[in-house]
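Student: sequence and predicted structure, then a few things I'm wondering about:
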Amino acid sequence: MANRSFFIKTFGCQMNERDSEIMAQLLAEREYIETNDSEQADLIILNTCSIRAKAEQKVMSLLGVLRKQKIRNPELKICVAGCVAQQEGKQIIERMPHVDLVIGTQSIYQLTELLDNLGDQPVVTTLSDDYQIPPFIPDLGAGRGQKPPATVPFKKFLTIMQGCNNYCSYCVVPFTRGREISREVSHILEEAHSLVEAGIKEITLLGQNVNSYGKTNRVSKEVNDYSFADLLRAVALIPGLQRLRFTTSNPKDLSDDLMRCFAEIDILCPQFHLPVQSGSNRILSLMNRNYSRELYLEKVETLRSYCPEIALTTDMIVGFPGETDQDFAETMSLLEEVHYHGSFSFKYSDRPGTRSAKFENKVEETVKSERLRIFQDRQDAISLAHNQGYVGKTFPVMIEKISHDSIVGRTGTNHLVHIAETPCNSLPGAIISVHIVHAGQHSLRGKLLEQV
Ligand code: SAH
Ligand code: SF4
Ligand code: F3S
């Protein structure tokens with residue numbers, strides 16, 4: 001039989017990106033070939049996100065479009081994976097009967113078996129209470145043939161835990177990803193070692209709340225003994241690994257031990273994404289975030305004392321139910337106080353099953369839009385000011401992309417740098433020394449000094 005081809009479209013966060021890579025590897029191991037052309041594919045997987053209503057609507061409209069492709073090619077298999085799959089389950093099939101497989105967030109490792117056993121009837125998988133993440137060794141070459149050297153991967157995500165137990169009142173993740181489960185230390189270290197052996201220079205550890213790594217769903221004594229800080233220290237020891245990052249963290253669980261890692265682990269990048277969501281204690285409490293503005297600011301101060309150059313970023317929600325002008329003013333004043341290097345800000349969106357969906361005093365759409373604009377305008381100005389502060393300084397920059405007339409790289413603080421100097425005899429993943437000459441809103445421009 002000729003090789004079958006598959007096309008994956010990924011929505012949402014890094015967790016989904018990593019899951020898509022895992023599904024791609026599993027399929028490649030079964031002789032499927034990845035294609036970038038959805039029209040040519042025998043299997044289409046939409047790996048979906050349900051964090052805000054808009055994200056979900058995008059998936060539903062794309063599924064509508066795929067109906068026509070399925071009519072043209074009845075052999076086509078359509079699979080919905082990720083958070084919408086988990087959240088909507090059978091309802092997806094009811095609304096979109098041309099979908100063959102709805103694969104919940106815990107079932108991705110069974111993808112190929114589920115496909116093999118697919119009959120005429122669509123299949124839906126759900127969450128289980130005793131789920132454990134299986135060991136998984138990434139194969140960087142899987143399914144993509146011989147790569148030209150300039151496109152060889154040099155950085156990777158590594159999922160260390162799944163799910164979330166926090167139940168922030170607005171958030172679907174505990175419902176779409178299930179209970180928080182930490183992977184075993186030995187599985188994580190094995191995966192990290194194999195990545196570095198395959199040439200990976202930068203690893204980002206992933207979880208919805210990495211700070212609580214090892215605290216829940218302890219599967220073995222080994223997991224018990226490791227905090228997230230211990231895990232960071234263990235991964236950092238792998239010879240050849242040059243940069244280590246992680247995301248994301250709930251401030252309530254941020255320990256002093258973890259903050260100290262920024263002073264002690266030299267390959268841990270000086271960058272921290274620390275979502276705050278609101279500057280108002282009243283709203284933080286309605287959000288069930290379990291920390292106050294004051295505690296958050298204390299942690300920011302401690303982090304900066306351990307690592308003065310640390311670049312802080314955050315997530316912010318505007319227009320949470322009941323958010324007054326005063327609450328929003330407190331969000332703006334927190335932005336001034338922390339002076340974030342950057343942020344992701346969102347209009348509050350009602351999500352099915354969440355507590356806040358039932359709250360009264362919903363904020364009008366126009367007010368939400370106005371608050372978002374005010375917040376983002378101010379953040380843009382602050383980001384630009386931070387970026388201007390880098391001009392005239394020199395940083396180690398990891399090369400990400402090399403084209404005929406430029407190099408694009410990233411600083412440890414996670415700033416994108418364009419270097420208009422070629423030729424360059426390094427490959428992606430090499431670290432070069434770059435003198436910053438210009439700052440823009442979203443990126444920096446620099447001159448190559450030397451290869452370090
Ligand atoms: N685990 C991460 C959050 C992952 S979701 C954490 O706790 O920090 C990414 C971001 O989406 C959240 O930080 C939040 O800012 C935003 N978000 C989540 N639910 C939302 C909703 N219902 N409406 C608007 N934004 C939301
Ligand atoms: Fe959602 Fe809160 Fe968990 Fe983050 S910590 S994933 S916002 S419930
Ligand atoms: Fe979206 Fe699920 Fe990630 S809801 S943000 S893909 S955990």
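Tutor: The structure has been received and is ready for your questions. Ligands and ions are numbered 1, 2, ... in the order given.
Student: quick one: the strands in the stretch 101-250 of the chain?
Tutor: When assigned using DSSP state E, counting those that start in this stretch, the strands of the stretch 101-250 of the chain occupy the ranges 101-103, 123-124, 155-159, 161-162, 181-182, 202-206, 243-247.
Student: is any residue of the first one near ligand 3?
Tutor: The one in question is strand 101-103. No: Strand 101-103 stays clear of ligand 3 (CB under 6 Å from any ligand atom), getting no nearer than 13.6 Å. For every residue, glycine as well, the C-beta is placed using N, CA and C.
Student: from the chain's centroid, how far away is that strand?
Tutor: Between the mean C-alpha point of strand 101-103 and the mean C-alpha point of its chain there is a distance of 22 Å (CA atoms, centre = their mean, to the nearest Å).
Student: list the contacts of that strand.
Tutor: Residues from elsewhere that reach strand 101-103, judged by CB atoms under 8 Å, 6 or more residues apart in numbering: 77-81, 85, 88-90, 92-93, 110-111, 114-115, 118, 122-125.
Student: how about 7 Å then?
Tutor: By CB atoms under 7 Å, 6 or more residues apart in numbering, the surrounding residues in contact with strand 101-103 are 77, 79-81, 85, 89, 92-93, 111, 114-115, 118, 122-125.
Student: in ChimeraX, how would I select just the buried ones from these?
Tutor: To isolate in ChimeraX the members of the contacts of strand 101-103 that are buried, counting by 16 or more other CB atoms under 10 Å, one can use:
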select :77,79,80,81,85,89,92,93,111,114,115,122,123,124,125
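Student: pLDDT score assigned to the residue of the stretch 351-452 of the chain found nearest ligand 1?
Tutor: Per CB to the nearest ligand atom, residue 351 is where the stretch 351-452 of the chain lies closest to ligand 1, at 4.6 Å. For residue 351, the model assigns a pLDDT of 96.
Student: which of the three states applies to it?
Tutor: Remark: residue 351 carries the secondary structure label coil [criterion: DSSP: H, G, I helix; E, B strand; the rest coil].
Student: which parts of the protein sit against ligand 1?
Tutor: Contact residues, the chain versus ligand 1 (CB under 6 Å from any ligand atom): 51-52, 170-171, 173, 208-209, 248, 250, 275, 277, 315, 317, 346, 348-349, 351.
Student: next, count neighbours for the nearest residue to residue 183 once chain neighbours are set aside.
Tutor: Counting by CB to CB, 6 or more residues apart in numbering, the nearest residue to residue 183 once its immediate chain neighbours are dropped is residue 133, at 4.8 Å. By the criterion of other CB atoms under 10 Å, residue 133 has 19 neighbours.
Student: what residues are up against residue 133?
Tutor: Residues in contact with residue 133, defined by CB under 7 Å, 6+ apart, are 162, 181, 183.
Student: from residue 288, how far off is the closest residue to the first one other than its chain neighbours?
Tutor: Right, the one you point to is residue 162. Distances taken as CB to CB, 6+ apart put residue 181 closest to residue 162, at 5.0 Å, once the chain neighbours are dropped. Distance of residue 181 to residue 288, computed by CB to CB, to the nearest Å: 21 Å.
Student: compare the two (neighbour count), which wins?
Tutor: Set side by side, residue 181 and residue 288 give different neighbour counts by other CB under 10 Å, the larger being at residue 181 (21 against 14).
Student: how about that one, what does it touch?
Tutor: Counting by CB under 7 Å, 6+ apart, the residues that residue 181 touches are 131-133, 161-163, 217.
Student: adding mean pLDDT, write the strands of the stretch 101-250 of the chain out as TSV.
Tutor: Rendered in TSV, the data for the strands of the stretch 101-250 of the chain read as follows (pLDDT from 0 to 100):
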stretch	mean pLDDT
strand 101-103	95
strand 123-124	88
strand 155-159	95
strand 161-162	92
strand 181-182	89
strand 202-206	98
strand 243-247	98
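Student: show the pLDDT at the closest residue to residue 5 other than its chain neighbours.
Tutor: Counting by CB to CB, 6+ apart, residue 5 lies nearest to residue 35, which is 4.5 Å off, once chain neighbours are set aside. Residue 35 carries a pLDDT score of 95 in this model.
Student: what strand or helix carries residue 17?
Tutor: Assigned by DSSP states H and E, residue 17 belongs to helix 14-29.
Student: other residues contacting that helix?
Tutor: Taking contacts as CB under 7 Å, 6+ apart, the residues outside helix 14-29 that touch it are 6, 8, 10, 34, 45, 47, 49, 81-82, 108, 111-112, 136, 138-139, 142-143, 157, 159, 206, 247.
Student: which of the residues you listed are buried?
Tutor: Neighbour counting by 16+ other CB under 10 Å classes 6, 8, 10, 34, 45, 47, 49, 81-82, 108, 111, 136, 138, 143, 157, 159, 206, 247 among the contacts of helix 14-29 as buried.
Student: among these, which ones are in helices?
Tutor: For these, the ones inside helices are 82, 111, with DSSP state H as the criterion.
Student: residue of the protein closest to ligand 3, please.
Tutor: Going by CB to the nearest ligand atom, ligand 3 is nearest to residue 12 of the chain, at 2.8 Å.
Student: so that residue touches residue 49, yeah?
Tutor: Yes: the pair formed by residue 12 and residue 49 meets the contact definition of CB atoms under 7 Å, at 2.7 Å.
Student: joint contacts of the two?
Tutor: Taking CB under 7 Å, 6+ apart as the contact definition, residue 12 and residue 49 share the neighbouring residues 55, 82-83.
Student: for these, point out the one with the lowest pLDDT.
Tutor: For the shared contacts of residue 12 and residue 49, the minimum pLDDT belongs to residue 55; the value there is 86.
Student: so how far is residue 71 from the closest residue to that residue other than its chain neighbours?
Tutor: Setting aside the residues directly before and after it, residue 55 is nearest to residue 49 in space (CB to CB, 6+ apart), at 4.4 Å. Counting by CB to CB, the separation of residue 49 from residue 71 is 27 Å.
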